[in-house]
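**Student:** Build me a model:
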Amino acid sequence: MTEFATWPTTRDALIDVQVQLAAAKPVPWQPGPELLAIGGCFVCFERGPAGPGQPGDRAWAGAALVRHGALAAEAVVEGAASAGYEAGLLALREGPLLEAAVRALPAPPDVLLVDATGRDHPRRAGLALHLGAVLGIPTVGITHRPLLAVGPGPGTEAGASSPLTLDGEIVANWLRARPGTRPIAVHAAWRTTPDVALAVAKAALGSARTPYPLREARRVAREARASA
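**Tutor:** This next block holds a predicted model:
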């Protein structure tokens, strides 16, 4: 959507855009019968003193594209954080970097996994949702824990899930990727419902706790940092 084609550069401007994003009504996305090209993106920052992060921190954003369960493409871009870290305002710090990494892939994915929340957010518009609006790609957020949503843990078997709610609305799901591991939070984001987001995450799991496209994006970003 063209009104979300650029990234805000101030806290107040981002909050205004998040309110607009939460109120937007894009056409819900449904995967078709063909196999999906699933993307993932992840950003890491230079190692330094413990803290929330500062503007200008050196950063590496990785993106990966998986087709038929195999890595089809990867990309990495180096840059700098546009802002320090502040909960609920991650787009200021990471948004442009992640956009650049995804656009560096040779082809856009059908759906994109993002290391961030979506509707589980104070204004219902986390970075995973915002990035999808900027790119024009359906997105799913994948995090280790919810931001605000709450709900009981899933069963112990692989593939078990349970809802996470915020103010009575299901905005995400817990997903147990493998027995004996902690569940991940799977977030509805741009053009995806909680059920569709969960189905995409399950399809992308692979053999580890983190879905394969996101794991490959994390790998390429961290390798670029290590070699810098």
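
**Student:** Only C-alpha atoms from now on, for both contacts and neighbour counts.
**Tutor:** Noted.

**Student:** Ramachandran coordinates for the most centrally placed residue in the chain?
**Tutor:** Closest to where the C-alpha atoms of the chain average out (CA atoms, centre = their mean) is V114, at 1.6 Å. As for V114, its main-chain torsions (degrees, to the nearest 10) stand at phi -130, psi 140.

**Student:** what residues are up against it?
**Tutor:** Taking CA atoms under 8 Å, 6 or more residues apart in numbering as the definition of contact, the neighbours of V114 are 40-42, 128, 139-142, 214.

**Student:** Quick check, D115 in contact with C41.
**Tutor:** Yes - contact criterion CA atoms under 8 Å: D115 and C41 qualify, at 6.9 Å.

**Student:** any idea how far the closest residue to V102 other than its chain neighbours is from I170?
**Tutor:** Across the structure, with CA to CA, 6 or more residues apart in numbering as the measure, the residue nearest V102 apart from its sequence neighbours is A63 (5.5 Å). Look at A63 and I170: by CA to CA, to the nearest Å, they are 28 Å apart.

**Student:** For stretch 64-79, which residues meet the burial criterion?
**Tutor:** For stretch 64-79, burial by neighbour count (16 or more other CA atoms under 10 Å) applies to 64-67, 69, 71-79.

**Student:** Who does the helix or strand harbouring V43 pair with, and is each partner parallel or antiparallel?
**Tutor:** Using DSSP states H and E, the secondary-structure element containing V43 is strand 37-45. Sheet pairing of strand 37-45 (DSSP bridges) gives strand 58-67 (antiparallel), strand 111-114 (parallel).

**Student:** Quick check: A101 vs A128, distance?
**Tutor:** For A101, the distance to A128 equals 14 Å [CA to CA].

**Student:** re the thing from before, name whatever forms a beta bridge with the residue nearest to the centre of the chain.
**Tutor:** With DSSP bridges applied, the residues forming beta bridges to V114 are C41, G141.

**Student:** give me the low-pLDDT residue ranges for this structure?
**Tutor:** Per-residue confidence for the chain (pLDDT under 70) gives these ranges: 1-2, 49-50.

**Student:** repeat that with 50
**Tutor:** With pLDDT under 50 as the threshold, the chain has low-confidence stretches at 1.

**Student:** just the helices in it please.
**Tutor:** Counting by DSSP state H, the chain has these helices, from start to end: 11-23, 90-103, 127-135, 194-203, 212-227.

**Student:** tell me the most buried of those?
**Tutor:** Each of the helices of the chain was scored by mean neighbour count; the highest is helix 127-135, a mean of 26, by mean count of other CA atoms under 10 Å.

**Student:** which strands and helices sit next to that one?
**Tutor:** For helix 127-135, the packing partners by 3 or more CA pairs under 8 Å, 6 or more residues apart in numbering; DSSP states H and E come out as helix 90-103, strand 111-114, strand 139-143.

**Student:** Now distance to V200 too, for those, in CSV please.
**Tutor:** What follows is the helices and strands packed on helix 127-135, written out as CSV (distance: least, CA to CA, whole Å):
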stretch, distance to V200
helix 90-103, 18
strand 111-114, 8
strand 139-143, 8
